[in-house]
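Peer 1: Here's a sequence, model it:
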Amino acid sequence: MQIAKQLKKSVSLAYYRYELTTALYMLDFWEKCIFNSFVLLGFALFLYTSINYMPETVQEWVRATTEYFPTTLGPLLETAIGAIAPPVMVEL
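Peer 2: Residues are numbered from 1 along each chain as shown. Here you go, the predicted model:
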C-alpha cells in the first residue's frame with residue numbers, strides 16, 4: 001500500500017513539474033488537452049519512426065565500423081548484425 005502511495009506521489013510530482021516547465025498551469029482544461037495530445041502524438045511518431053528505421057541505421061553503422069576495424073571488431077560485429085531485427089512493415 002505504501003508503494004502505491006509513493007508511486008502516486010512521484011507521478012503527480014512529475015506531472016506538476018511538467019506543467020510548470022511547459023507553462024500549462026495557466027491554460028484551461030481544454031487547452032491542456034489539446035497541447036497534451038500534440039505532445040503524445042509527437043512521442044508516438046518518434047517511437048514509430050525509431051522502431052521502423054533504427055535497425056537499418058544500426059546495421060549501416062556496424063558495416064561502416066567493420067570497414068574501419070576489419071581485424072579487431074570485424075568478426076565480433078558481423079555476428080551482432082544477425083541479432084538486429086529487420087524493420088516492421090505496416091500496410092495502411
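
Peer 1: all contacts plus neighbour counts: C-alpha atoms, from now on.
Peer 2: OK.

Peer 1: Could you give the backbone dihedrals for residue 65?
Peer 2: Main-chain dihedrals, residue 65, degrees, to the nearest 10: phi -70, psi -40.

Peer 1: can you map out the helices along this structure?
Peer 2: Taking DSSP state H, the helices of the chain run over residues 2-22, 29-68, 74-81.

Peer 1: Ok, which of the ones you listed comes nearest residue 91?
Peer 2: Closest to residue 91 of those is helix 29-68 (C-alpha to C-alpha; 12.7 Å).

Peer 1: any chance of the helices of the chain in TSV, plus distance to residue 91, mean pLDDT and mean neighbour count?
Peer 2: TSV is the format used below for these (distance: least, C-alpha to C-alpha, whole Å; pLDDT from 0 to 100; neighbours: other C-alpha atoms under 10 Å):
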stretch	distance to residue 91	mean pLDDT	mean neighbour count
helix 2-22	35	93	11
helix 29-68	13	85	13
helix 74-81	26	62	14
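
Peer 1: got the CA coordinates for stretch 35-44 in PDB?
Peer 2: Provided in PDB are the C-alpha atoms of stretch 35-44 (Å, rounded to 0.1, in the frame of the first residue of the first chain):
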ATOM      1  CA  PHE A  35      -1.400  20.600 -26.000                       C
ATOM      2  CA  ASN A  36      -1.000  17.200 -24.400                       C
ATOM      3  CA  SER A  37      -2.500  15.400 -27.400                       C
ATOM      4  CA  PHE A  38       0.100  17.100 -29.600                       C
ATOM      5  CA  VAL A  39       2.900  16.000 -27.200                       C
ATOM      6  CA  LEU A  40       1.600  12.400 -27.200                       C
ATOM      7  CA  LEU A  41       1.300  12.400 -31.000                       C
ATOM      8  CA  GLY A  42       4.800  13.600 -31.300                       C
ATOM      9  CA  PHE A  43       6.100  11.000 -28.900                       C
ATOM     10  CA  ALA A  44       4.100   8.300 -30.700                       C
END
